[in-house]
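Engineer: Sequence plus predicted model, see below.
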Amino acid sequence: MDLFDLGLVFATLRLAAPLAAAAMGELLAERSGVLNIGIEGMMLCGALAAFAIGTATGSPVLASLAGSLTGVAAAALFAVFVLWRRADPIVTGTALNLFALGATGSAYRLLYPPEVPLSDAPAVADWLPGLNPFVVGTALLVVGVGAFLSYTRAGLAVRAAGERAEAAHSQGVRVAAARWGCTLAGGACAGLAGAMLVLWISNTFVEGMTSGRGFVALALVLFGGYRPGRIVLGALLFGAANALQFRLQALGLEIPYALLLMTPYLLTLLVLALFAGRVRAPSDLARPFIARE
Amino acid sequence: MLRVELTELRKRFGSVQALDGAGLEIAAGEVHALLGENGAGKTTLVRALYGVVRPDSGSIRIDGELVQLRGPRDALELGVGLVHQHFMLVPELSVAENLALGERGGLLLGPRALRSHAAGILERYDLGFRPDLRVGELSVAQKQRLEIARALSRGVEILVLDEPTAVLVPSEIDSLLELLSRLREQGCSVLFISHKLDEITAVCDRVTVLRNGRNVATREVPGIELRELGELMVGSELPPPGQPPRTQVGPVVLRARGLTTPPLVGVDLELRAGEVFAIAGIDGNGQTPLEEVLAGVRVLESGSLELVQPPLALISGDRQRTGLVLGLGLDENLVLEEAARGGAPPEYRFGLVRPRELRRSASAAIERLGIRAAPDDPVRTLSGGNQQKICVARALRRDPCALIAVNPTRGLDVRATAQVRDELRAQAERGAGLLLISTDLDEVLELANRIAVLFRGQLYPVAPAEHTRERIGELMLGGAAA
Ligand SMILES: Nc1ncnc2c1ncn2[C@@H]1O[C@H](COP(=O)(O)OP(=O)(O)OP(=O)(O)O)[C@@H](O)[C@H]1O
Ligand SMILES: [Mg+2]
């Protein structure tokens, strides 16, 4: 087996797309002023739902839809606490992540006892390898989010809500609506990313299978300077490094396995940190907004 | 016909009764002034009319209809526009984006549409800046004009201006007042808040005076005397304007040579103990860079700055941006600077805060300058003038040898202005050097022993014989450069 070939490109896309999708969800939320660190948990919920609906119906489309909607539901839970009750987003997000890890694990074990074979998980991996619908979908998502933020009236309102909620409000922008909308849409992106992991990468559900991808997405948003293009580059870099790392493992070189596993994370952070320049987060990020005194 | 009727409005914030039955009526085509001391409740009243503050009781009628405003959106819908006392612009966004914010319209909003929309407004209201400039880069006066233009571009028929002239220079004030008369001719109603009594007599039809959240009086303006207005406002006679301090000028306390950073070019200045040296000029000619250089937060391209006699204290020209930490208490803001610079304020011992001392010195400052707040109130909740007083109080705390004051009485009421000017004079008489950077000619003439004019980044000294309103006004517009 060669180190570099077309397969590596596909592997890169496969590893990068879920990250990019989750990062777009985070980007939307953060630009509206919501620090959503529950992305990881939302992905996990989406993954389990996609698995359940996928095995039940055999339809990857329905499975993806279920993943997204479950992501929205998890995001709604987050928003109730953070936006409505004005709880701390870090605490709430951490709680959501822990809850999602435990709940999806327990639910999985309850629903699918180990003796049940999982052969009928629907896989989309074997569709046209290059033009995988998930690749196309993620690309559209990235372009869509970027265009929404930069070229629409609502996108301007979202950015203003994230930068100066009070000023936006005083011009008639519905700050709460912008934040709720972006948080829920972000949940949909995260749920979809979870569905991709199940339907495209592992073809099954495993407890805690997101293994920190939600947090990588979080880091990508920050180091990508809140710009969709750069965030996607970061995701691709991470995907490529990861794909290469799997290759190296398969080649059986004398490099410690743990070191290889670590390199994509290190490399991505390093490159992004070097090229990001000075990143400025939205000014009102993670600040609750009270419309009426 | 009455456009606006506010009746018996009450609003309580914690322990402060900001509005205590205040009310107001504005007729169609009327310019109505709202007058009152710092903390009297003017801002709270107009914020209630704009739907930002929900009154505890009382009623709001617009065009005779009783309305329940759920937010600024409703107010704008009814034709009410508010230009806030503190800017409601998004500094991170461009001028064009700020102008488009909240406007109804099509789904898409590309850069071209943004720019042409903005260019139209900028042209109509004669604002000479580029639509793609970031609002954070505008000067205070430019921001103010942008806010006014934005409100007007919304087609509001009831325009509320909360101390719009506090940051404008005489020529700009004149054109604003002219604009108000034009709006009146078009049938608009205007509610105008200002601490400057001459502005009120210049354009307003009627004036309502508030004190402690209550109405004191509503009067027809034509024929009213300035003195009467002032007395209605503060409840006692107004202090007469002061004179520059007469002191012995001592050694140099602060020396700058060839300060150069755009737009400043080779600014030389020397500040001596016991004098008030005023730098007059229209905002935007280098005041902010000069302040930043003197504060040590801006890198010089060339030139040198020497503080011969520390300590130096600064009253910042932009209280909300660089003057205060809005989320912290009044007491914490007072000691913050000294503590952060590694000084040993008496409120600290072994690096630990002594809460009782902190409270005591905050109460002393409150007492001294008549600040309407409790020692631990977050600064954000204070009225604009009271925030300004904290900046002043902090600068005077340490008996500085060099004191830089940038528009120190911006937003203060008549009485507080006189009081702060007295305090500043006292500093010079004590032997401090006071560098006054001000856009207010009255202030400059009332305080300064020595005057220079800042024009397009250059400093033009004014001979003592030329210390007149007319001559300095001329120089401010470039009379010396030509
Ligand atoms: N959001 C708030 N929370 C708590 N207190 C507030 C709040 N807004 C205003 N206040 C208090 O209400 C009182 C009236 O304030 P307001 O801003 O209406 O005064 P003002 O007349 O506009 O004064 P100025 O001339 O200084 O701007 C002040 O004592 C202020 O501290
Ligand atoms: Mg006010």
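Structural biologist: Cool, got the structure. Numbering: from 1, shown residues only, chains lettered A, B, ... in the order given. Ligands and ions are numbered 1, 2, ... in the order given.
Engineer: Might you name the residue of the stretch 101-250 of chain A sitting closest to ligand 2?
Structural biologist: Relative to ligand 2, the nearest point of the stretch 101-250 of chain A is residue A:170 (14.7 Å; Cβ to the ion). Using the backbone N, CA and C atoms, a C-beta is placed for each residue, glycine as well.
Engineer: Any chance of the backbone angles for the closest residue to chain B within the stretch 1-150 of chain A?
Structural biologist: For the stretch 1-150 of chain A, the residue closest to chain B is residue A:150, as judged by Cβ to the nearest Cβ, at 8.1 Å. Dihedral angles phi and psi of residue A:150 (degrees, to the nearest 10) take the values phi -90, psi -30.
Engineer: What is the burial count for it?
Structural biologist: As a burial measure, residue A:150 scores 15 neighbours (other Cβ atoms under 10 Å in any protein chain shown).
Engineer: ok, now residue A:149?
Structural biologist: Applying other Cβ under 10 Å, we find 22 residues neighbouring residue A:149.
Engineer: I'd guess residue B:278 is in a helix, am I close?
Structural biologist: No. Counting by DSSP: H, G, I helix; E, B strand; the rest coil, residue B:278 is not part of a helix but strand.
Engineer: hmm, back to that, residues contacting the residue of the stretch 101-250 of chain A closest to ligand 2?
Structural biologist: Residue A:170 makes contacts with B:50, B:52, B:72, B:82, B:84, B:88, as judged by Cβ atoms under 8 Å, 6 or more residues apart in numbering or on different chains.
Engineer: dump the residue contacts of the closest residue to ligand 2 within the stretch 51-200 of chain B.
Structural biologist: Nearest residue of the stretch 51-200 of chain B to ligand 2: residue B:85, at 4.6 Å (Cβ to the ion). Counting by Cβ under 8 Å, 6+ apart, residue B:85 touches B:43, B:162-163, B:166, B:193, B:384, B:411.
Engineer: re earlier: from the contacts of residue A:170, which land in helices?
Structural biologist: residue B:72 (DSSP state H).
Engineer: For the contacts of residue A:170, please prepare JSON lines with the additional fields pLDDT.
Structural biologist: Formatted as JSON lines, the contacts of residue A:170 follow (pLDDT from 0 to 100):
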{"residue": "B:50", "pLDDT": "95"}
{"residue": "B:52", "pLDDT": "93"}
{"residue": "B:72", "pLDDT": "94"}
{"residue": "B:82", "pLDDT": "95"}
{"residue": "B:84", "pLDDT": "92"}
{"residue": "B:88", "pLDDT": "93"}
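Engineer: Could you pull out the helices in the stretch 51-200 of chain A for me?
Structural biologist: In the stretch 51-200 of chain A, the helices defined using DSSP state H, counting those that start in this stretch lie at A:60-79, A:89-111, A:133-151, A:153-163, A:165-170, A:175-196.
Engineer: Buried residues, the helix or strand that contains residue A:247. List them.
Structural biologist: Assigned by DSSP states H and E, residue A:247 belongs to helix A:228-251. Using 16 or more other Cβ atoms under 10 Å in any protein chain shown as the test for burial, helix A:228-251 gives A:228, A:230-245, A:247.
Engineer: Ligand 1 versus the residue nearest to residue B:222 when sequence neighbours are not counted, what's the distance?
Structural biologist: In space, and not counting its chain neighbours, residue B:222 is closest to residue B:205: 7.7 Å by Cβ to Cβ, 6 or more residues apart in numbering or on different chains. Residue B:205 is 21 Å from ligand 1, where distance means Cβ to the nearest ligand atom, to the nearest Å.
Engineer: Likewise for residue A:91?
Structural biologist: For residue A:91, the distance to ligand 1 (Cβ to the nearest ligand atom) stands at 26 Å.
Engineer: cool, and residue B:169?
Structural biologist: 20 Å.
Engineer: which ones are touching that residue?
Structural biologist: B:141, B:282-283, B:439, B:476.
Engineer: burial measure for whichever residue of chain A sits closest to chain B, as a count.
Structural biologist: Chain B sits closest to residue A:171 of chain A, with a gap of 3.3 Å, by Cβ to the nearest Cβ. Per other Cβ under 10 Å, the neighbour tally for residue A:171 reads 24.
Engineer: All good on my end, thank you.
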